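Asker: just to be clear, the model below is a prediction. Sequence and coordinates:
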Amino acid sequence: MNRSRLQNWMFSGSLLAAFLLQLMPLPPGAEPFKPYWLGLVVLYWAIEAPERMGLGLAFALGLVGDLLVGELLGEQAMRLVVLAFIVLRFRSRLRFFPLGQQTLAVLALLLNDRVVTLMIRGFSGEAMPPATFWIAPLTGTLAWPMLYVLLDNLRLRQRGAD
Amino acid sequence: MAIARDNAATLFAEGGASTLRLILCLGLAITLMVVDHHAHYLQTLRRTANLVVEPAYRLAALPADVARATRTAVVTQDQLASENRELREQLLLAQARLNRLDALLAQNERLKGLLEAQKNLGLSVQFARLVDVDLDPFRHRIVLDVGSAQGAKVGQPVIDAHGIMGQLVEVLPNTSVAMLITDPTHAIPVVIERTGLRAIAYGSGATDTLDLRDIPRSADIRSGDKLLTSGLGGRFPAGFPVGVIGDVSTDSKGMFIAATARPAAALDRSGEVLLLQEQQQPYGPPAPQEVVGPPAELAGPSPDAAPASPTPDLTPPTQDTP
């Protein structure tokens, strides 16, 4: 009981932190380097706890993200649904990849996410973003091992505390 | 236990990620996007959900605020003194300029009175502070801490000490979102100060560049020219600095000149901005003037009496001759 409540707290806390990190400014010039935190956290939970992170929740989180920062309602919802779907489909393999290989898979996922974004923005008639648009997936890839180890550690500690 | 369930599931189990669900979610997302693209209800929704959105913005801005406060708190006296001296010099300079401006303003008023021109309303501004959140680095938006409760309205121009920054595109009860002039979807009508040539400055997507396209090849435009708002369109009042022309070149088709400009406002550095209050813009052509020519008291009583008016100057010589 206690443990599941702790897990719930951690689950929602990590999502809340992702939203705030997404909003938090970086120094001018470093902005294109900001990873897609929300995507990374959704990715983590889809790999580790698919019973919590379904497509429906990914969709809802995307709507909240759009409400906070978006220009078009449904953009992030679509991105996160695509992300979650691919992860849930290949979860059994992704989960047992060594961290390095998993990180490469994450890079592919984030690049795919960028392509989806570009498609949506292209259809909605927005201007094409500059080349720095493609930096964020790289920094996201760099952030992935740290995020993964951090969240995994927290979860293990909870299990230990039990 | 989790592992047991994993073993029970086959490698290609669909589970929570069935294709049907994917199609449903994607369809819903696409429907939402298409409807929003046409009806723009996201802004309405955000206004309704401001109880969540505004605290989230403030919370996210907190670390940056704390960092700034700490920087101010731990700054040495030396730095403060030098900054103070610098500001004092700037104030002196600004004061001197203002004094000269006062004289010009008075003169301007007098001339305008003579011309019976439509009186401009004085510049009334509202102070606003930036809420330090990052909406999307590829969309040039800033969040300000004034909203409809403080009287902000969509479309108000945002300026800083150096020039035009952008305009409000979305107003929540205590927060508003402004689009910068460098946003790729933004365009501002400008006039070149030196020649009076009108043009439109488009946002380029980079914080330090504006694009001026489709300028006729015969136009007189060169690097270093200052851009002011032209006041056309009625959104931005005329005469505010927008930027300085950087390089001028022929566009890819060779038919027009394409120039770039550097925005005058400190778009990525300003912490405080000013909102221009709505001004009465003269809309449409000016009303026809009833009286043409000089005012009645200068024009003399009637056309045939007019030649008599210069006579006082001529009287002394005529009196001398007899």
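Answerer: Arrived safely.
Asker: mean confidence for the helix ranked longest in chain A?
Answerer: The residue-count maximum for a helix in chain A (DSSP state H) belongs to helix A:135-161. Helix A:135-161 shows a mean pLDDT of 88.
Asker: next, the buried residues of that helix.
Answerer: Within helix A:135-161, the residues that count as buried by 16 or more other C-beta atoms under 10 Å in any protein chain shown are A:135-137, A:139-141, A:143-144, A:147-148, A:151, A:155, A:158. (Each C-beta comes from the backbone N, C-alpha and C, glycine too.)
Asker: ranges for the helices of chain A?
Answerer: Assigned by DSSP H, chain A shows helices spanning A:2-23, A:37-48, A:55-69, A:75-89, A:91-94, A:99-123, A:135-161.
Asker: no, scratch that, I was asking about chain B
Answerer: Going by DSSP H, chain B shows helices at B:2-8, B:19-39, B:41-48, B:50-74, B:77-115, B:296-299, B:311-320.
Asker: could you pull up phi and psi at the closest residue to residue B:65 other than its chain neighbours?
Answerer: The shortest distance from residue B:65 to any non-neighbouring residue, by C-beta to C-beta, 6 or more residues apart in numbering or on different chains, is to residue B:132 (6.7 Å). Recorded main-chain torsions at residue B:132 are phi -80, psi 70, according to degrees, to the nearest 10.
Asker: what of the one 3 residues further on?
Answerer: Torsion angles at residue B:135 (phi, psi; degrees, to the nearest 10) stand at phi -80, psi -50.
Asker: quick one on the thing from earlier: deepest of the helices of chain A, which one?
Answerer: Greatest average neighbour count among the helices of chain A goes to helix A:75-89 (a mean of 25), per mean count of other C-beta atoms under 10 Å in any protein chain shown.
Asker: got a markdown table for the helices of chain B, with mean pLDDT, mean neighbour count and distance to residue A:107 too?
Answerer: Shown next, in a markdown table, are these (pLDDT from 0 to 100; neighbours: other C-beta atoms under 10 Å in any protein chain shown; distance: least, C-beta to C-beta, whole Å):
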| stretch | mean pLDDT | mean neighbour count | distance to residue A:107 |
| --- | --- | --- | --- |
| helix B:2-8 | 43 | 9 | 25 |
| helix B:19-39 | 88 | 16 | 22 |
| helix B:41-48 | 80 | 16 | 31 |
| helix B:50-74 | 83 | 14 | 27 |
| helix B:77-115 | 83 | 10 | 43 |
| helix B:296-299 | 63 | 9 | 80 |
| helix B:311-320 | 44 | 8 | 90 |
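Asker: out of those, flag the one nearest residue A:54.
Answerer: Residue A:54 lies closest, by C-beta to C-beta, to one member of the helices of chain B: helix B:19-39, at 7.8 Å.
Asker: name the residues of the stretch 201-322 of chain B found near chain A, please.
Answerer: Residues of the stretch 201-322 of chain B lying near chain A by C-beta under 8 Å from any C-beta of the partner chain: B:205-207, B:268-269.
Asker: and those residues, which two are furthest apart?
Answerer: Taking C-beta to C-beta, the two most distant members of those are B:205 and B:269; they sit 18.4 Å apart.
Asker: still on that earlier bit, which strands and helices sit next to the longest helix of chain A?
Answerer: Helices and strands touching helix A:135-161, by 3 or more C-beta pairs under 8 Å, 6 or more residues apart in numbering or on different chains; DSSP states H and E, are helix A:2-23, helix A:37-48, helix A:99-123.
Asker: can you lay out those as JSON lines showing mean pLDDT?
Answerer: Below are these laid out as JSON lines (pLDDT from 0 to 100):
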{"stretch": "helix A:2-23", "mean pLDDT": "86"}
{"stretch": "helix A:37-48", "mean pLDDT": "92"}
{"stretch": "helix A:99-123", "mean pLDDT": "92"}
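Asker: residue B:71: which of those helices is closest?
Answerer: Residue B:71 sits nearest to helix A:2-23 of all those, at 21.0 Å, using C-beta to C-beta.
Asker: close to chain B, is the closest one?
Answerer: Yes. Helix A:2-23 reaches chain B (C-beta under 8 Å from any C-beta) through A:19-20, A:22-23.
Asker: so which of those residues is the closest to chain B?
Answerer: The closest of these to chain B turns out to be residue A:23 (C-beta to the nearest C-beta; 3.4 Å).
Asker: excluding chain neighbours, give the residue nearest to that closest one in space.
Answerer: Spatial nearest neighbour of residue A:23, chain neighbours left out: residue B:60 (3.4 Å); criterion: C-beta to C-beta, 6+ apart.
Asker: distance check, the one you found against residue B:153.
Answerer: Using C-beta to C-beta, to the nearest Å, residue B:60 is found at 25 Å from residue B:153.
Asker: and residue B:155, how many neighbours?
Answerer: Residue B:155 has 13 neighbours, counted by other C-beta atoms under 10 Å in any protein chain shown.
Asker: does it touch residue B:167 like I think?
Answerer: Yes. Between residue B:155 and residue B:167 a contact is recorded at 6.0 Å, counting by C-beta atoms under 8 Å.
Asker: show me whatever sits in contact with both of those two.
Answerer: Here residue B:155 and residue B:167 have residue B:235 as joint contacts, going by C-beta atoms under 8 Å, 6 or more residues apart in numbering or on different chains.
Asker: which ones are touching the residue positioned nearest the centre of chain A?
Answerer: Nearest to the mean C-alpha position of chain A, by C-alpha atoms, centre = their mean, lies residue A:39 at 1.6 Å. By C-beta under 8 Å, 6+ apart, the residues touching residue A:39 are A:79-80, A:83, A:110, A:113, A:140.
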